[in-house]
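[1] sharing a sequence plus its predicted fold:
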Amino acid sequence: MPELVLWDIDHTLMATGGLGRELWAQAFREVTGLTMRRQASVTGSTERVILRETAKLHELPYSEALFEEFASALGAVHLRRAGELRERGHALPGAAAVLARLQERGVPQTVVTGNVRAAAEVKVAAFGLDGYLRLEDGAYAEDGEQRPELLRAALFRTATPPGGAVFLGDTPADVAGARSAGVRVIAVATGSTSADELRAAGADVVLDGLADTGRALDAIG
């Protein structure tokens, strides 16, 4: 077993059932006063980058102050609509079982995600996954723009060497970030990227999902 297991959230542990974009648009409107006409690509990106690029699409200046205000609004929107998230979204098959088995084995687990922290906490709590994760040790959009920065932040917080950790994600950006940070990466083909594409990106292991608990644990261990 590794010293630390790091989890991406969206399309790795859970899915929002399409609600995520609605919540994002609501926070954008609250902060900027504009209705979001277009959103920058979200796959494998962080909220900081998505906001900057979406602001450009609306001819708005971007600043750290804008991001901080948006992060606060996005977290608050998730909290207010947590019940709707539970109704429309779901934990992915096998996610809770794998988290539980790792916890039973005493393996520390946390998240590395492009979400802002407040939104990430609502998402994992909505489906009962938060009890398995040391969220205070995780890394979030507030910690950087790209996956390598986030992974290094989580490693630093937990005093874990790169070789002692494994990261599970669903996008080529997750794979590239882990390789850059020197962390072993398991890709799950539960998002919009196929298993073949994840293999081509350089994942150490590719799984179709987490429903086969034994296979997932073997890959992690």
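    Sure, I can see it.
[2] how about the longest helix along the chain as PDB, C-alpha atoms only?
    Criterion DSSP state H: the longest helix present in the chain is helix 64-80. Written as PDB, here are the backbone C-alpha positions of helix 64-80 (Å, rounded to 0.1, in the frame of the first residue of the first chain):
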ATOM      1  CA  GLU A  64      -6.900  37.700  -7.800                       C
ATOM      2  CA  ALA A  65      -9.600  39.700  -6.100                       C
ATOM      3  CA  LEU A  66     -12.100  38.500  -8.700                       C
ATOM      4  CA  PHE A  67     -11.000  34.900  -8.100                       C
ATOM      5  CA  GLU A  68     -11.300  35.200  -4.300                       C
ATOM      6  CA  GLU A  69     -14.800  36.700  -4.600                       C
ATOM      7  CA  PHE A  70     -15.800  34.000  -7.100                       C
ATOM      8  CA  ALA A  71     -14.400  31.200  -4.900                       C
ATOM      9  CA  SER A  72     -16.500  32.400  -2.000                       C
ATOM     10  CA  ALA A  73     -19.600  32.700  -4.100                       C
ATOM     11  CA  LEU A  74     -19.100  29.300  -5.700                       C
ATOM     12  CA  GLY A  75     -18.700  27.600  -2.300                       C
ATOM     13  CA  ALA A  76     -21.800  29.400  -1.000                       C
ATOM     14  CA  VAL A  77     -23.900  28.300  -4.000                       C
ATOM     15  CA  HIS A  78     -22.800  24.700  -3.500                       C
ATOM     16  CA  LEU A  79     -23.800  24.800   0.100                       C
ATOM     17  CA  ARG A  80     -27.200  26.300  -0.600                       C
END
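[3] helices or strands up against that helix?
    helix 19-32, helix 47-57, helix 117-126 (3 or more Cβ pairs under 8 Å, 6 or more residues apart in numbering; DSSP states H and E). To be clear about C-beta, it is placed using only N, CA and C from the backbone, and glycine gets the same treatment.
[4] any chance of those in TSV, with distance to A73 too?
    Formatted as TSV, the helices and strands packed on helix 64-80 follow (distance: least, Cβ to Cβ, whole Å):
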stretch	distance to A73
helix 19-32	4
helix 47-57	11
helix 117-126	10
